[in-house]
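K.L.:
Attaching a predicted model along with its sequence, questions to come.
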Amino acid sequence: SDLYNLLDESGYSKIVIKPSVDSSSGNDITLFEKKDIEWIEIGGDRKLSIEYLDTNYSNDIIVQECIEQADFMSYFNPTSVNTLRLTLYRSVKTDECHIPSAIIRIGANGSLVDNAHAGGGYVGIKVEDGTLCNKVLNQYGESRTEFNGINFTQKHKIPNWEKVVEFAKYIGQNVPHHRLLALDIMIDKSGNPRLIEF
């Protein structure tokens, strides 16, 4: 009941629970939605409780708000939060942040995660203007021009790309102990970039 009280105070209607260590490729991520007074697993029937957390996770867990993505990002797959993976390098000479590469990670139809290991794909982004490249790659580097029923030979461009780059550089300036970062950024319903993890 203390867990439910904390979640009620948060005001969230959906949450994400995942391990905070030794996690990758979307493993052990569970989504819960508030239904009446209980939290029920999305796509399942398990109820959130302290017992559930003790059984399925160690003490190292993260509980996060489930953020709704922008319509443009949802277009690629509405069931997963599709993220932008930006590589950021902070110069050893000038401390200026540079973005040498970027991709969009897209979940497979029906998937809750956008990882290539879970059947998703990724598309290169032209860093200078946010335009998507015309091929989708899978985890093995095999390419195709269509994914989730979307033709990638047609031009697609990340809206507010300049804002995403500015946000990434801001993060790079505020992580003093690392000069090379991989940032997973989503774009929320208001068009604002939000850091998922780095």
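P.N.:
Looks like it came in fine.
K.L.:
pretty sure residue 96 contacts residue 88?
P.N.:
No. Counting by Cβ atoms under 8 Å, residue 96 sits too far from residue 88 to count as a contact (11.0 Å). For glycine as for every other residue, the C-beta is placed from the backbone atoms N, C-alpha and C.
K.L.:
More neighbours: which of the two?
P.N.:
residue 88 (24 against 11; other Cβ atoms under 10 Å).
K.L.:
Quick check: buried residues in the lengthiest helix in the chain?
P.N.:
Assignment by DSSP state H gives helix 161-173 as the longest helix of the chain. For helix 161-173, burial by neighbour count (16 or more other Cβ atoms under 10 Å) applies to 161, 164-165, 167-169, 171-172.
K.L.:
Report back the residue of the chain that's furthest from centre.
P.N.:
Distance from the C-alpha centroid of the chain peaks at residue 93, with 31.3 Å (Cα atoms, centre = their mean).
K.L.:
quick one: contacts of the very next helix or strand once past the longest helix of the chain?
P.N.:
Sequence order places strand 180-187 as the next helix or strand after helix 161-173, per DSSP states H and E. Strand 180-187 is contacted from outside by 67, 69-70, 72-73, 81-90, 105, 158-160, 164, 167-168, 171-172, 175, 193-198, using Cβ atoms under 8 Å, 6 or more residues apart in numbering.
K.L.:
Same check on stretch 101-116?
P.N.:
25-26, 29, 31, 42-43, 76-77, 79-87, 118-125, 127, 132, 136-139, 147-149, 158, 184.
K.L.:
Buried ones from those, can you make that a ChimeraX selection?
P.N.:
To isolate the buried ones among these in ChimeraX, judged by 16+ other Cβ under 10 Å, type:
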select :26,29,31,76,77,79,80,81,82,83,84,85,86,87,118,120,121,122,123,124,125,127,132,136,137,138,147,148,158,184
